[in-house]
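# Any chance you can model this:
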Amino acid sequence: MMTATNIEWTQHTWNPTTGCFKISAGCSNCYAADMAKRLRGMNTPGYENGFALTLHPNRLIQPLQRKKPTVYFVNSMSDLFHKGIPDDYINKVLSVIEQTPQHTYQILTKRAFRLSTFFKNKPCPTNAWLGVTVEDKASLKRIGYLKQINSKIRFISMEPLLEDVGKINLHGIHWVIVGGESGVKARPMRPQWVESVRSQCEQYNIAFFFKQWGGWGADGKKRAKKINGREFHGKIWNQLPDFKKEEIYT
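Presented below is the predicted three-dimensional model:
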């Protein structure tokens with residue numbers, strides 16, 4: 001399924017696979033698993049298996065059918081480097097990316113080791129941005145695997161940010177996204193954790209994007225994420241790597 005999305009740092013989602021399983025602390029309250037359950041209950045095509053890993057070859061052609069330059073978040077409902085996805089299927093996804101240079105593709109994974117292994121002897125398409133999720137200190141090691149890949153844009157998504165991760169080795173990183181967790185079981189994010197990341201991005205001249213507070217506000221009170229909003233230090237942080245916001249969000 002290829003759809004417009006409310007995710008603030010992209011335009012559309014493209015899900016040539018759906019489904020996953022939990023591997024780290026950031027997965028505990030997975031939004032995609034809950035959404036897949038709801039979509040299955042609504043008999044939505046493609047979610048007959050709920051959140052079990054499912055390949056959707058029929059969706060591979062979707063970006064080929066869109067001429068307007070678009071920013072795609074690849075596999076918002078899965079992880080392209082899940083161990084159950086064959087290399088040849090990942091190659092088919094990359095082939096579509098290469099055939100559509102007018103588009104930009106954001107590929108985010110928690111399977112950083114497989115990501116680095118896959119691209120060890122294979123070039124990354126120039127219109128693909130590669131990223132890893134880092135939610136706590138234990139997951140900082142994913143950044144090292146990401147930096148082994150020669151990608152035009154390497155980014156880190158720190159959502160949900162679950163603790164102060166301390167000093168981050170940001171050399172070779174182009175973009176950092178930070179966000180709090182949402183949902184009824186959301187865990188709080190502290191302002192000082194966000195500031196630590198933001199100040200390090202500023203020090204190294206790296207684009208910083210603050211996505212949301214989520215279910216807990218900057219004041220430490222739990223409420224709806226829309227009420228908590230996206231402001232940090234009294235402003236909206238929508239910094240993007242290499243591009244001005246209006247250039248990709250029109």
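# mind listing what's buried in stretch 90-103?
For stretch 90-103, the buried set under the neighbour-count rule, 16 or more other C-beta atoms under 10 Å, comprises 90, 93-94, 96-97, 100, 103. Bear in mind the C-beta positions are built from the backbone N, C-alpha and C, glycine included.
# Oh, that last question was meant for stretch 185-195, not what I typed.
Buried positions in stretch 185-195, judged by neighbour count with 16+ other C-beta under 10 Å: 186-189, 193-194.
# Tell me which of these fall in strands.
In this view, the buried residues of stretch 185-195 have no member that belongs to strands under DSSP state E.
# will you turn these into CSV that also has pLDDT and distance to Q62?
Converted to CSV, those look like this (pLDDT from 0 to 100; distance: C-beta to C-beta, whole Å):
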residue, pLDDT, distance to Q62
A186, 97, 32
R187, 97, 34
P188, 98, 37
M189, 98, 34
W193, 98, 37
V194, 98, 35
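# mind giving me TSV with those and columns for distance to G144?
As requested, the buried residues of stretch 185-195 are arranged in TSV below (distance: C-beta to C-beta, whole Å):
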residue	distance to G144
A186	29
R187	25
P188	28
M189	24
W193	21
V194	23
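# Contacts only, for T126.
Under the criterion of C-beta atoms under 8 Å, 6 or more residues apart in numbering, the neighbours of T126 are 101, 152.
# rewinding a little: tell me which of the buried residues of stretch 90-103 is nearest to P123?
L94 (9.6 Å; C-beta to C-beta).
# Quick check: that closest one is in a helix.
Yes - when DSSP: H, G, I helix; E, B strand; the rest coil is applied, L94 is found to be in a helix.
# just to revisit the earlier point, which members of the buried residues of stretch 185-195 are positioned in helices?
Secondary structure defined by DSSP state H assigns 193-194 of the buried residues of stretch 185-195 to helices.
# and of the buried residues of stretch 185-195, the nearest to C124?
Looking at the buried residues of stretch 185-195 and their distance to C124, the nearest is V194, at 29.4 Å (C-beta to C-beta).
# For the closest one, list the residues it contacts.
With contacts defined as C-beta under 8 Å, 6+ apart, the neighbours of V194 are 161, 178, 210, 232.
# Now distance to R38 too, for the residues you listed, in a markdown table please.
Output for those, formatted as a markdown table (distance: C-beta to C-beta, whole Å):
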| residue | distance to R38 |
| --- | --- |
| L161 | 25 |
| V178 | 27 |
| F210 | 27 |
| F232 | 30 |
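# Can you tell me which of the residues you listed end up in strands?
Filtering the contacts of V194 for membership in strands, criterion DSSP E, returns 178, 210.
# Closest to A33 out of the contacts of V194?
Proximity of the contacts of V194 to A33, judged by C-beta to C-beta, is greatest for L161, which lies at 19.7 Å.
# For the closest one, give me its contacts.
With contacts defined as C-beta under 8 Å, 6+ apart, the neighbours of L161 are 135, 178-180, 189, 193-194, 197.
# Between the two ends of stretch 207-222, what distance do you get?
Between the opening and closing residues of stretch 207-222 lies a distance of 28 Å (C-alpha to C-alpha, to the nearest Å).
# I meant stretch 42-60, not that one.
24 Å.
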